[in-house]
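S.K.: Give me coordinates for this.
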Amino acid sequence: MPAMIENRQTRVAGHRIHYLVTGDGPPVVLLHGGAGDSRDWPPLMASLAGRFTFYAPEGTYHFVSPNWDHEEDAVT
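M.R.: You can find the predicted model right below:
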């Protein structure tokens with residue numbers, strides 16, 4: 001993954017969400033399909049980062065965005 005693409009995390013409705021961000025310009029949100037994840041987007045993000053700010057979030061069941069933090073929210 002190009003160094004200029006940052007890995008970030010945030011919480012939405014109690015769920016940890018991973019996303020990639022890069023660029024400078026109007027915001028563009030890139031959503032992957034069901035069989036993909038945010039790793040689909042770096043080539044496009046890197047090539048157009050001078051024109052747009054890209055955000056590529058993960059779904060809660062993809063790559064590095066688990067549906068819950070096991071240590072904090074696990075149900076036993």
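
S.K.: which one's the longest helix in this structure?
M.R.: helix 42-48 (DSSP state H).

S.K.: who does whatever helix or strand comes next after it pair up with?
M.R.: The helix or strand immediately downstream of helix 42-48 is strand 53-57, counting by DSSP states H and E. Sheet pairing of strand 53-57 (DSSP bridges) gives strand 15-23 (antiparallel), strand 27-29 (parallel).

S.K.: how far away is the closest residue to Ala49 other than its chain neighbours from Pro57?
M.R.: Computed as CB to CB, 6 or more residues apart in numbering, the closest residue to Ala49 that is not its neighbour in sequence is Gly23, at 3.9 Å. (Each C-beta comes from the backbone N, C-alpha and C, glycine too.) The gap separating Gly23 from Pro57 is 15 Å, by CB to CB, to the nearest Å.

S.K.: now Leu48
M.R.: Using CB to CB, Leu48 is found at 18 Å from Pro57.

S.K.: More neighbours: which of those two?
M.R.: Pro57 (21 against 14; other CB atoms under 10 Å).

S.K.: any idea how far Arg39 is from Arg8?
M.R.: Noted for Arg8: a distance of 15 Å to Arg39, by CB to CB.

S.K.: Could you check which of those two is surrounded by more residues?
M.R.: Arg39 (14 against 11).

S.K.: That one falls within a strand, correct?
M.R.: No. Checked against DSSP: H, G, I helix; E, B strand; the rest coil, Arg39 lies outside a strand; its state is helix.

S.K.: Let me see the confidence value for the residue nearest to Ala49.
M.R.: Per-residue confidence (pLDDT) for Gly23: 92.

S.K.: Count the neighbours of it for me.
M.R.: Gly23: 19 neighbours (other CB under 10 Å).
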